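**Q** Build the 3D model from these lines:
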Amino acid sequence: MIKLQIIGNLGKDCIVNEVNGKNVINFSVAHTDRFKDATGNLKEKTYWVECAYWTDRTNISKYLTKGKTVYVEGTPEADAYTNREGKPAATQRMRVKDVQLLGGSNSGENTGAPASNYQQNTSPNTSKIESAEVISDDLPF
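**A** This next block holds a predicted model:
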């Protein structure tokens, strides 16, 4: 099993689509790594991951808005394509299994504690919504 975990910010408001009678919430998550290069200069690199959350519980979509900090877990996928300049490129995608809203609002207030945990069960007729409590001291960042 391969699992991808991301903590990052939503790049835009999510979009809810219906595909073959099933609901999918599409959104993009950005994570920025900060590091020093060989000369000691501070650098930043932002990674974008397109996410597809197949679920009947689309009520979370009203909270998946631009700038929100989220924890997303799922299965990674990648696509190769040719960009507008004719050069080969690739995109990272994730089939989402779990989404957690990491508190705060678009006004910059971020408590670091999850507001909600939406997890999709693998059994066909059940989905589960749980509240999660995490003490911010337990977070690795």
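**Q** so where is this protein shaky, pLDDT-wise?
**A** Along the chain, segments meeting pLDDT under 70 span 104-141.
**Q** Just the residues contacting stretch 69-83, thanks.
**A** With CB atoms under 8 Å, 6 or more residues apart in numbering as the test, stretch 69-83 has contacts from 2-10, 29, 49, 51, 53, 64, 88-104, 110, 114. C-beta here means a position set from N, CA and C on the backbone, and glycine is covered the same way.
**Q** Buried residues, that stretch. List them.
**A** Judged by neighbour count using 16 or more other CB atoms under 10 Å, the buried positions of stretch 69-83 are Thr69, Val70, Tyr71, Val72, Gly74.
**Q** cool, stretch 9-22 as well?
**A** By 16+ other CB under 10 Å, the buried positions in stretch 9-22 come out as Asn9, Leu10, Cys14, Val16.
**Q** Who are the contact partners of the residue lying closest to Glu50 once chain neighbours are set aside?
**A** Closest residue to Glu50 apart from its sequence neighbours, by CB to CB, 6 or more residues apart in numbering: Arg93 at 4.7 Å. Contacts for Arg93 (CB under 8 Å, 6+ apart) come out as Val49, Glu50, Cys51, Ala52, Pro76, Glu77, Ala78, Asp79.
**Q** No further questions, thank you.
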